[in-house]
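Peer 1: need a 3D model of the sequence below.
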Amino acid sequence: QVQLVESGGGLVQAGGSLSLSCVVSGSTFSIYAMGWFRRTPGKEREFVAAISRRGATTYYADSVLGRFTISRDNAKVILKMNNLKVEDTAVYYCGATRSSNPSYYYTRISDYNTWGQGTQVTVSS
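Peer 2: Predicted coordinates:
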């Protein structure tokens, strides 16, 4: 059974950068499309970024487009976050879903069946 472990969260000033990592174990990494989501208190978990099985296709929420970059390599998914804003403060979760199409990415929470425990990102003003 696939397992996901996120790391890399922390406290950063507005305008700064952080890089989140999601290590995938327990199954063949290449069969999974991956995604990052986040949740703030009182809100639903929301989509941030997604990447296809082979990594050739990515997609971003409008709120992070141009500032965040998702990538994958060696059983790891990275979310590089630049020019962070106070509103990026959230718990960030990594998700995995088995995908039959190597070019597909997935943006809905219901598309994913495996999640990590989350990592806290706090951006101060």
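
Peer 1: tell me the spacing between Thr69 and Ile31.
Peer 2: Between Thr69 and Ile31 the computed distance is 23 Å (C-beta to C-beta, to the nearest Å). Placement of C-beta: from N, CA and C, glycine included.

Peer 1: and the residue positioned nearest the centre of the chain, which of the three is it?
Peer 2: The centre of the chain sits closest to Trp36, judged by C-alpha atoms, centre = their mean, with a distance of 2.1 Å. Assigned with DSSP: H, G, I helix; E, B strand; the rest coil, Trp36 falls in the strand class.

Peer 1: so what's Ile78 bridging to?
Peer 2: Taking DSSP bridges as the rule, Ile78 bridges to Ser21, Ser71.

Peer 1: pLDDT wise, what is it at?
Peer 2: With respect to pLDDT, Ile78 scores 98.

Peer 1: give the contact list for it.
Peer 2: Residues near Ile78 by C-beta atoms under 8 Å, 6 or more residues apart in numbering: 19-22, 69-72.

Peer 1: using PDB, list the CA coordinates for stretch 82-90.
Peer 2: Extracted in PDB, the C-alpha atoms of stretch 82-90 (Å, rounded to 0.1, in the frame of the first residue of the first chain):
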ATOM      1  CA  ASN A  82       8.300  31.300  -4.200                       C
ATOM      2  CA  ASN A  83       7.000  34.800  -3.300                       C
ATOM      3  CA  LEU A  84       4.900  33.400  -0.500                       C
ATOM      4  CA  LYS A  85       2.000  35.400   0.700                       C
ATOM      5  CA  VAL A  86       0.200  35.500   4.100                       C
ATOM      6  CA  GLU A  87      -2.800  33.900   2.500                       C
ATOM      7  CA  ASP A  88      -0.600  30.800   1.600                       C
ATOM      8  CA  THR A  89      -0.600  29.900   5.300                       C
ATOM      9  CA  ALA A  90      -2.100  26.400   5.600                       C
END
